[in-house]
Structure formats: C-alpha cells, structure tokens
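Asks: Provide a 3D model corresponding to the input given below.
(chains A and B)
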There are 2 protein chains.
Amino acid sequence: MSAFDGRVVRDPTVKTERIPDDGCSAPTSERAVRLALSCVVEGGEPAVSEVATASGPVAAWDQVVAGRFGDGLAERASHLDLDRVLERAARSRARFVVPGDQEWPERLGDLRFCDEVQRRGGVPFGLWLRGPAHLAQLAERSVAIVGSRAATPYGTAVATDLAAELAEHGFTVISGGAYGIDTAAHQGALAVTGPTVAVLANGVDVGYPQGNAKLFDWVAEHGLIVSELAPGTHPSRVRFLARNRLIAALGLGTVVVEAALRSGARNTASWALGCGRVLMAVPGSVESAMSGATHLMIRNGQAVLVTSVAEVLELVSESGQQLIPFQQGPTRATDDLDPVRLAVYEAVPARRRVGAGEIALAAGVSMPTALAQLSALEVAGLVVVDEVGWRAVVSR
Amino acid sequence: MSAFDGRVVRDPTVKTERIPDDGCSAPTSERAVRLALSCVVEGGEPAVSEVATASGPVAAWDQVVAGRFGDGLAERASHLDLDRVLERAARSRARFVVPGDQEWPERLGDLRFCDEVQRRGGVPFGLWLRGPAHLAQLAERSVAIVGSRAATPYGTAVATDLAAELAEHGFTVISGGAYGIDTAAHQGALAVTGPTVAVLANGVDVGYPQGNAKLFDWVAEHGLIVSELAPGTHPSRVRFLARNRLIAALGLGTVVVEAALRSGARNTASWALGCGRVLMAVPGSVESAMSGATHLMIRNGQAVLVTSVAEVLELVSESGQQLIPFQQGPTRATDDLDPVRLAVYEAVPARRRVGAGEIALAAGVSMPTALAQLSALEVAGLVVVDEVGWRAVVSR
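Replies: Model (predicted):
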C-alpha cells in the first residue's frame, strides 16, 4: 500500500498526517494533493498548473489521475510511492510548504499573470525547503543575482561584492546554486553571514552540481535550499527552465551580472520581466562575450544598467526610498559661473597680475562689466587683487 | 590702414578680396563680416550669434561696432588687424567657409534649435579649415567619437578599433584632437587611411596639445582641422565648451567611449542631445571611474549602449538601413521544440538505448504521444532508433 493513488484526494488518511507540517492553514488534504502533484507533474507544467489555479489542486489531481493530461501522467500518478518520498524528505530534513502557509511567499502568485510566452509557467504546487530560515521573510526583501556558469574573474568579483553588500543592507540574495555567478552570489552573502536562498532544478537533497556540495551545506545551514521538485529528483533541461521562473518571481528584482548571448540567465531575465520585476544588468567590457547578453538587454531597454549596490537598492526599494544622490563627480568653484563671469575669470592669469583693462579686452567685455565681475569673483575667492593687479587663485 | 573697422561692412574693398575664396556663393561683404566676427567674438557667444541668425551677420557686426554688446567687444572690433589674421591664415593654408558655401555642413544649422540650456550656443559665424578634404562631404556620413583625456588602455583600444571600423565603412571620424580618446579616434581612422576631422578650441594653426603636433599634421594632410576661432587663437575653458557643440552638431551621432563623471565629454553629449543627434555610450567595467559617465548616461536613458561598429551604424543610418541581425547567440537544434517534444527529447538518453514506454513514463506523456514525438525527433535528426530502442544523437 505504498502507492499514492487517487483515493487520498477524497479520503486523506495516515499518509498525509506524516507530511511535515509547520503550522499551516491549508487543509491537510490539499497539502497532500499538492505534495503528490509536485512528485508527479514536471515543475511549471502549464496545463495542470492552470487547472490547479482555477479549480484547486484537488481538481487538478483528479484530472491527472483520470488521464486528462495523458496516460503518461496518470501512470506516473499511479506509480507514486509517497512513503519513499516522505522518507527521503525526512532524511534531508526537507519540509513542504504550500500557498496559504505563513512561510509561503505571496509574490509567487504573480506567476499566474505572466504574459510572457514561456515553456514552463504557472505557480508551483508547493515548495520543498531545506534550512532554518523562513522563506516568506527572506523573500520579502530579496534580490536575485544570476549569470553564466562560465563567469570571468570580473563577473565573479562583481557578483560576490554585490551579494555581500546587498546582504549587509538586509537583503536576501537569491540564486540558482550553479557554478560561476550563482556560486559567487551565494558565497558573497554567506561571507557576511547574510541570508541566501538557492533555488534548484532538482530535489533539495540532490547536490547538483557535485562540486558545490559544501556550498549547499552552508546554504542549508544559514539560509534555504528551495525546489518545487520532490526530494530525489534529478535535474534536466526543462527543469532548469522551470526553476528559473521561481528565482525571478521570488525576488523584488533580478540582476544579471554576466551572461553570454546564449545563456540560461536570459530565460530568468524574461521571467523577471514577465512577473513585473525590475530587471537589472551589469555592464562590462565590450570585448567580453560574457557581457554580450547584459549589454543586449540594456541596449534593448529590457534591463536597467546597474554598477553599484546603491543603484540596485534604489530600483528594488519602494518609491522614494534608497534614492541615490545625483551623480556629477567632484564640483569646482567655477561650475556655477554664468558665461560672462566665467569669461572674465578665464581672462585672469594665475601666474602674474594684470590690470582690469587687459582683462576686459581679453574677455571681450566692457571695463565696468569686468570690474563688477572681478569684484564678484574676489568675493567668491576665485581671484585676488593688490595694487599691481588681479591674479587668479591657484586652485583653479 | 590695417585695422578692420565698421566701414568694410558697407563697403567691402580690397581686404575682403584677399580672403581665400573657394567658389563661394555668399556675398563677399557678408563673408568678410563673418570672418571679422570670428576674430572678435568668442565662439558660441549667444547674444551676437542670435542677432546674426535673425538679422544677418552685417547687422550683428554693426551692433558689435556700435557697442551694443559692450564696450569691450566694440574695442576688440576696432583693434582687429585683419591683415595679420589673413597673413596667418595664408601661412597655414587655412581657408574660411561660411553658410551658403558648398563646403558648409548644413547640419550645423541645427545649433539654432538647440533647446538645451548651454553656456556657449549658436551657429558659428564661419569655420576655418585646414586640410585637403571637403567639409560638407566628410560631415555627411560622420560620427563623433569623444571621451576622457585620461583614457584607460581599454578605452583607447575601443576608440581606435571603432574609429578604424567606421572609417572602413566610409564614415568620417570627428573628434577634438585632445589626448586620450580623441587621439585614439583620430589615429584609428588614419590607420586605415580614412578621413578624420579634428575640431579645435584654438586656431587651426595652433598645435594644442603640443604633444599631438604630429597628429595634427597627419589630420591636416588626410582630413581636416576645423575651428571657428581665427588662426593664432589660443584655447581656453570657454572655448572648449563652445567647441564641443561643433563636434556634436557636425556628426550624425556622438559616441562617448570613456568619460569620468567629471568630464568635458558630458558637455559634448548634452550638445548632441540638444541638436537631436543620436547619443551613444560604450560600457566598461563597473570598477572603472572612466566609465562612470558612460554608465550614468546609459542608465538615465540619455545614451544608447553600443558595443560594436554594427550597432553604431544601425543607429546613425537611415531608418531600415544597416540593421544588425537579431542577436541570440549560436542556436541549437532543440531551440524550437515545443514543451511536449522537448520533454520527450530530454527523456531520451544519449548513452544507451531505451524503449518508447520508458521514455513515455520519464517524459510524463502517453505512449502514442511519445511515439509521435519520437518520430518527429528522428526526422529532425535528434534521435535515432534501432531494434534495441531509442538513443539521443550525441551533439545534444
């Protein structure tokens, strides 16, 4: 009796009691159904997701079991060994949260409204979590940092610094746990013991890529590992595409640090736009292929160019908050001079003293004008005068 | 009788005959007056320029002489030694062109309509030219490349390459003859024996900066040295600001390659926008202060990010010309697969052969669906089949 078949939908019994429960408000049966859907249906499968959103997960499950979405899915549903899934989950201390739970990030609901044509859409049935943090709290002030696996040292440094500074400002860094930019982002946050969330294209207990096993341990210890796929699930290309929508939807905005024209980060970027999130991109050398996609997105007006944490904060903060000061570089005392005064000032030598007549001639103004302007310039400390004549103050 | 006083305006005589004439259509007297104005009035002086535009240069000159713009200007006019100016011009083989001449670039007329509040505005009274080229012809297809004097090796390389490639595409490179980006731009064009125009903030016979003397010789030999200031005039800060408007107005567009937040290139950039020109900026490292202004202009939406000559050409060419192909990086055979077909494809292993049933289960589709999709994938060359089963083609 380990197979999870259609019956539990109408008669949730022992099995569903064993699902880790962290004070949820959703009915137990719906939670069980969502869990079963997460095991059987590919993440972001649009058809099932649509039914679940419109008529509820129980209806969706009924239709899966009835073969409405194909015999393949129905067969998978009939083969589901829920005990095994729950055992795996328990071993890795994974918990399952669903819409309505306190820990559920409401922002994911925006996936319903995405008008981008995407391969894998929809609100996830639920999320598997591993780690001590509270997902909804972490997501509230969060930024996704994504980019190429084949990042350059430049991109890696930018991602690390940006993540560390975002974490220092109390923002959660969300990424995908891949090599390159993702790893740099997680590490940057962890370096300042800031919270970070890794959203994976496999089960939360599957360490992919293997080289990041230690990173995943750290994230699971200080932040959260997140996946819509059941524990034990291995990654695939469609799962990466589906996963990307969760990264984009969880954050207030997405920063693409480095991405070649051919990069999964572009998929995440279009999800961010589809969900109405701020899309940001970091510029780089025009000679670097790894900045090809960021430059293209900026050029096309899809992404806002960002160069610093201050610029990111301004974009993801509420209107009027975290505004950065107007950038104009160091100012000079002569900046605000009107044309006539500037012309007079320019006519005053710095290394010798000259009479007002010579200055008037050189500046092309009348003698009274020259004298009036020179007085004003003297008050401003830009010129000095003695019995020999006028001289510009050297700091010019 | 070497002083150029008000009389010549009404009675253009010997003096004006000696002005180098290259088949102009403007009346000789107006030409003489414009020449005199260029010697007496600072470049871009807005008040005189406005009168000259509205009522003609003769009226402007009359008002200068009458002290309408201050005694200083009137005094300068009365001291003007036109013979000396013409001698200097002859020595450096400088010629003077005015609106209406074949060589006059009509585009400069846009300076009349600039709605930017600028310190030094207006259409120049005329232009002094040194070099064998035809200004109007050069300007017709031209791009200004500007930036910081303190350019980095990155900026210098980008400016050189961009200029060389623009020249190879038959475009004239316009810049200001300064160290750094300007020099790199001129040299890039000269390197492919392309035409280049240096617009200076001093007389066309004054080699400033001195270290670029050889560069100016090359430019004067293969392109043009241009200035609205009389031969012999030395540079000043206001003259640099006035000069910038000519660089911006002459080109179809302006590319800022590298500029710190505090940079004269920002002045040129706002002139380009004021004249309705395309403003372009090259991105760089977020850690480079020399990309501070380019990033800011892109971020603010003032400048379009450009990374290649193709992108520049698209922006400065007539609508629909020089379009660059849609950039998406190398394509894969699986790019256009719909979700179901992609899921089936993903379920086919590359290293062993499996049955259609196993594939259908893994992909979550029915057996008939799996078989139909596998057939299509086989036609596309993405999978192969034999009596043992299906296998993905290795190039995946």
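Asks: in stretch A:98-109, what's buried?
Replies: Across stretch A:98-109, burial judged by 16 or more other CB atoms under 10 Å in any protein chain shown covers A:98-99, A:101, A:103-105, A:107-108. Every C-beta, even on glycine, is put in place using the N, C-alpha and C of the backbone.
Asks: can you give me the mean pLDDT across that stretch?
Replies: Throughout stretch A:98-109, pLDDT has a mean value of 94.
Asks: Quick one: end-to-end distance for it.
Replies: Stretch A:98-109 has an end-to-end distance of 12 Å (CA to CA, to the nearest Å).
Asks: remind me which residues of the stretch 251-396 of chain A are low pLDDT?
Replies: Along the stretch 251-396 of chain A, segments meeting pLDDT under 70 span A:319-320, A:325-333, A:335-336, A:395-396.
Asks: Flag every residue of the stretch 1-150 of chain A that's near chain B.
Replies: Counting by CB under 8 Å from any CB of the partner chain, the stretch 1-150 of chain A comes close to chain B at A:40-42, A:45-46, A:67, A:70-73, A:75-76, A:79, A:119-120.
Asks: just the strands in the stretch 101-250 of chain A please.
Replies: A:127-130, A:142-146, A:172-175, A:196-199, A:224-227 (DSSP state E, counting those that start in this stretch).
Asks: Show me what the first one is packed up against.
Replies: Yep, that's strand A:127-130 we're talking about. strand A:95-97, strand A:224-227 (3 or more CB pairs under 8 Å, 6 or more residues apart in numbering or on different chains; DSSP states H and E).
Asks: Let me see the contact set for the closest residue in space to A:A350 that isn't next to it in sequence.
Replies: Spatial nearest neighbour of A:A350, excluding adjacent residues (CB to CB, 6 or more residues apart in numbering or on different chains): A:A392 at 4.3 Å. For A:A392, the contacting residues are A:345, A:348-350, A:382-383, by CB atoms under 8 Å, 6 or more residues apart in numbering or on different chains.
Asks: if we can go back for a sec, compile the strands of the stretch 101-250 of chain A into CSV and extend it with columns for mean neighbour count.
Replies: As requested, the strands of the stretch 101-250 of chain A are arranged in CSV below (neighbours: other CB atoms under 10 Å in any protein chain shown):
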stretch, mean neighbour count
strand A:127-130, 26
strand A:142-146, 30
strand A:172-175, 30
strand A:196-199, 29
strand A:224-227, 27
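Asks: Can you add mean pLDDT and give those strands back as TSV?
Replies: Output for the strands of the stretch 101-250 of chain A, formatted as TSV (pLDDT from 0 to 100):
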stretch	mean pLDDT
strand A:127-130	98
strand A:142-146	98
strand A:172-175	98
strand A:196-199	98
strand A:224-227	98
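Asks: on that earlier part again, now render the helices and strands packed on strand A:127-130 as CSV, adding distance to A:A52.
Replies: Output for those, formatted as CSV (distance: least, CB to CB, whole Å):
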stretch, distance to A:A52
strand A:95-97, 15
strand A:224-227, 18
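Asks: still on that earlier bit, chain B: which of the contacts of A:A392 is nearest?
Replies: A:Y345 (8.6 Å; CB to the nearest CB).
Asks: Wait, that closest one touches A:P339, no?
Replies: No: counting by CB atoms under 8 Å, A:P339 is not a contact partner of A:Y345; they are 10.6 Å apart.
Asks: just to revisit the earlier point, go through the buried residues of stretch A:98-109 and flag which are in helices.
Replies: Cross-referencing those against helices under DSSP state H gives no overlap.
Asks: Farthest pair within those?
Replies: Spanning the widest gap among the buried residues of stretch A:98-109 are A:V98 and A:R107, at 15.1 Å by CB to CB.
Asks: So which bits of stretch A:71-89 are buried?
Replies: In stretch A:71-89, counting by 16+ other CB under 10 Å, buried: A:71-77, A:80, A:82, A:85-86, A:88-89.
Asks: Just among the contacts of A:A392, which is most surrounded?
Replies: A:V348 (28 neighbours; other CB atoms under 10 Å in any protein chain shown).
Asks: Could you check how far the nearest residue to that one once chain neighbours are set aside is from B:V238?
Replies: Take A:V348 and drop its neighbours on the chain: the residue closest to it by CB to CB, 6+ apart is A:A392, 4.4 Å away. Using CB to CB, to the nearest Å, A:A392 is found at 14 Å from B:V238.
Asks: Show me how chain A divides into domains.
Replies: A:1-91, A:92-316, A:339-392 (automatic domain parsing).
Asks: Of these, which stretch is the most buried?
Replies: When the domains of chain A are scored by mean count of other CB atoms under 10 Å in any protein chain shown, the highest mean neighbour count falls to domain A:92-316 (a mean of 22).
Asks: Angles on the backbone of the residue nearest to A:V348, please.
Replies: Main-chain dihedrals, A:A392, degrees, to the nearest 10: phi -80, psi 150.
Asks: Go ahead and confirm A:G70 touches B:T369.
Replies: Yes: the pair A:G70 / B:T369 is scored as a contact, 6.1 Å apart, by CB under 8 Å.
Asks: shared neighbours of these two, which are they?
Replies: Counting by CB under 8 Å, 6+ apart, A:G70 and B:T369 have no common neighbour.
Asks: Now do the helices in the stretch 251-396 of chain A.
Replies: Ranges of helices in the stretch 251-396 of chain A, per DSSP state H, counting those that start in this stretch, are A:264-274, A:292-299, A:309-316, A:339-346, A:356-363, A:367-379.
Asks: Adding distance to chain B, write those out as TSV.
Replies: Formatted as TSV, the helices of the stretch 251-396 of chain A follow (distance: least, CB to the nearest CB, whole Å):
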stretch	distance to chain B
helix A:264-274	9
helix A:292-299	4
helix A:309-316	7
helix A:339-346	5
helix A:356-363	5
helix A:367-379	6
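Asks: how about the ones you listed, which one is nearest A:H134?
Replies: Checking the helices of the stretch 251-396 of chain A against A:H134 by CB to CB gives helix A:309-316 as the closest, at 19.8 Å.
Asks: what residues does that closest one touch?
Replies: Contacts with helix A:309-316, where a contact means CB under 8 Å, 6+ apart, come from A:143, A:161-162, A:165-166, A:169, A:171, A:251-253, A:255, A:278, A:280, A:304, A:306, A:322-324, B:299.
Asks: same thing with stretch A:383-391?
Replies: A:345, A:348-356, A:359, A:374, A:377-378, A:392-393.
Asks: and the closest residue to A:V309 other than its chain neighbours, how far is that from chain B?
Replies: Distances taken as CB to CB, 6+ apart place A:E165 nearest to A:V309, at 3.8 Å, with adjacent residues excluded. According to CB to the nearest CB, to the nearest Å, A:E165 stands 12 Å off from chain B.
Asks: surely A:L80 meets A:L35?
Replies: No: counting by CB under 8 Å, A:L80 does not reach A:L35; the two are 9.9 Å apart.
Asks: Now do A:A52, the pLDDT please.
Replies: Predicted confidence (pLDDT) at A:A52: the value is 90.
Asks: In contact with it, which residues?
Replies: A:37, A:59-60, A:122-123, A:125.
Asks: redo that, cut-off 7 Å
Replies: By CB atoms under 7 Å, 6 or more residues apart in numbering or on different chains, A:A52 lies in contact with A:37, A:60, A:125.
Asks: In helices, which of those appear?
Replies: A:37, A:60.
Asks: my guess is A:A198 meets A:H186, correct?
Replies: Yes: using CB atoms under 7 Å, A:A198 is in contact with A:H186, at 6.1 Å.
Asks: Spit out the residues that contact these two alike.
Replies: Residues touching both A:A198 and A:H186 by CB under 7 Å, 6+ apart: A:175, A:177, A:219.
Asks: so which of the residues you listed comes closest to chain B?
Replies: For the shared contacts of A:A198 and A:H186, the nearest to chain B is A:S175 (18.7 Å; CB to the nearest CB).
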